[in-house]
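Colleague: Fold the stuff below for me.
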Amino acid sequence: MTKKFANMKTLPPGLQFHLDSGTTTLCWCRKIARRDGAVFGFTDHDAPVSFGGTTYAAVTGFTASEVQSTLGLAVDNLTVMGALSSETLNEDDLTAGLYDNAAIEIWRVNWCSPDQRVLMRKGSLGEVKRGKTGFAAEVRGLAHALGQPVGRVYGHACDADLGDGRCTVALAPAAGTISTVTDARRFTVSGIAAYPDGWFTDGKLAFTGGANSGRAMEVKRHAASANVVCIELWQAMSELVAAGDTFAVTPGCDKQFATCKAKFANAANFRGFPYMPGNDAVLSYPAASTPLDGGSRYGN
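Modeller: Okay, here's the model as predicted:
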């Protein structure tokens, strides 16, 4: 007969017998399936573990925080952390966003007999933070999907992506070259001086040459003056940015109707609702008037 953990996990008979023995050979195994179809397995055991068609590589330093679970539809709270030491778990792939929203399974396994295992958590990776030698990723439970908007959300701002099939704007990236570098996020450039200040704010800059060739990042600020043009990215590039690196950058859009009309002449395809009444109009109501004679306005 199968038994259950305190958190209501049903255990296979073999694993329950192993736990009852008092001497266990347990490890954690984590399976990550990226959106591009690549599947990787990692374990905190000192040797690889294989089951279900996946080999879980022994990765030193791959750990997880304590799981906080609650009743109802609240999202479980869990963070996985690891060192950037595996050939399949490297800084380049993390920077490229290949692990964003990747599916993850967390197993408790008897490494001596991997058929004795139980699925502890299943969900997706949320925000991924990386450093020079390691990373930390938020694990979102299955209930997280229930809190996401389904379908269109009515609002003043446009909900299309600039240049997509609903927007229809034909994007023409501008080519430029890095002139001077402050750090991997801020630098001055040449080649785009003809564009006005702020034209590329909220756009995307893709490197076409240098150590970051093939990688892209969103533009936080584009400042243009008579003598210098500055670009600031939202996040630092994973590799060094050097003078002479080339790039292509697309204009940015703040999703407002005025910008769509004046900057892109695309008001007919604006996908927002700029004239929708706001909260003030919804919450407003006629003010009650007081009769001049002091009596009830509804009569006696």
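Colleague: only C-alpha atoms for contact and neighbour calcs from this point on.
Modeller: Will do.
Colleague: Could you tell me which strand of this protein is the longest one?
Modeller: strand 117-130 (DSSP state E).
Colleague: Same question for it: list its buried residues.
Modeller: Arg117, Val118, Met120, Arg121, Lys122, Gly123, Ser124, Leu125, Gly126, Val128, Arg130 (16 or more other C-alpha atoms under 10 Å).
Colleague: Does the third one touch Lys9 like I think?
Modeller: Yes: under the criterion of C-alpha atoms under 8 Å, Met120 lies in contact with Lys9, with a separation of 7.4 Å.
Colleague: Ala281 falls within a helix, correct?
Modeller: Yes: using DSSP: H, G, I helix; E, B strand; the rest coil, the assignment for Ala281 is a helix.
Colleague: hang on, the earlier thing: contacting residues around the longest strand of the chain?
Modeller: Applying C-alpha atoms under 8 Å, 6 or more residues apart in numbering, the contact partners of strand 117-130 are 9-12, 15, 91, 94, 99-110, 135-142.
Colleague: The stretch 201-300 of the chain: helices as residue ranges?
Modeller: With DSSP state H, counting those that start in this stretch, the ranges of helices along the stretch 201-300 of the chain come out as 257-264, 279-283.
Colleague: ignore the last one, the stretch 51-200 of the chain
Modeller: Using DSSP H, counting those that start in this stretch, helices in the stretch 51-200 of the chain cover 91-95.
Colleague: Quickly list what Thr246 is bridged to.
Modeller: Following DSSP bridges, Thr246 is listed with bridge partners Thr177.
Colleague: Would you mind giving me the confidence score for it?
Modeller: We have a pLDDT of 96 for Thr246.
Colleague: Next, count neighbours for it.
Modeller: Counted with other C-alpha atoms under 10 Å, the neighbours of Thr246 add up to 22.
Colleague: what's the answer for Val189, then?
Modeller: For Val189, using other C-alpha under 10 Å, the count is 23.
Colleague: residues in contact with it?
Modeller: Gly176, Thr177, Ile178, Ser179, Thr180, Val228, Val229, Cys230, Ile231.
Colleague: now Pro251
Modeller: Counting by C-alpha under 8 Å, 6+ apart, Pro251 touches Leu171, Pro173, Trp199, Phe200, Thr201, Asp202, Gly203, Lys204.
Colleague: same thing with Ser284?
Modeller: Ser284 neighbours (C-alpha under 8 Å, 6+ apart): none.
Colleague: Tell me how far it lies from Tyr154.
Modeller: Distance of Ser284 to Tyr154, computed by C-alpha to C-alpha, to the nearest Å: 20 Å.
Colleague: again, but for Ala194
Modeller: Distance from Ala194 to Tyr154, by C-alpha to C-alpha: 36 Å.
Colleague: Looking at those two, which has the bigger crowd around it?
Modeller: Higher neighbour count among Ala194 and Tyr154: Tyr154, with 13 against 9, using other C-alpha under 10 Å.
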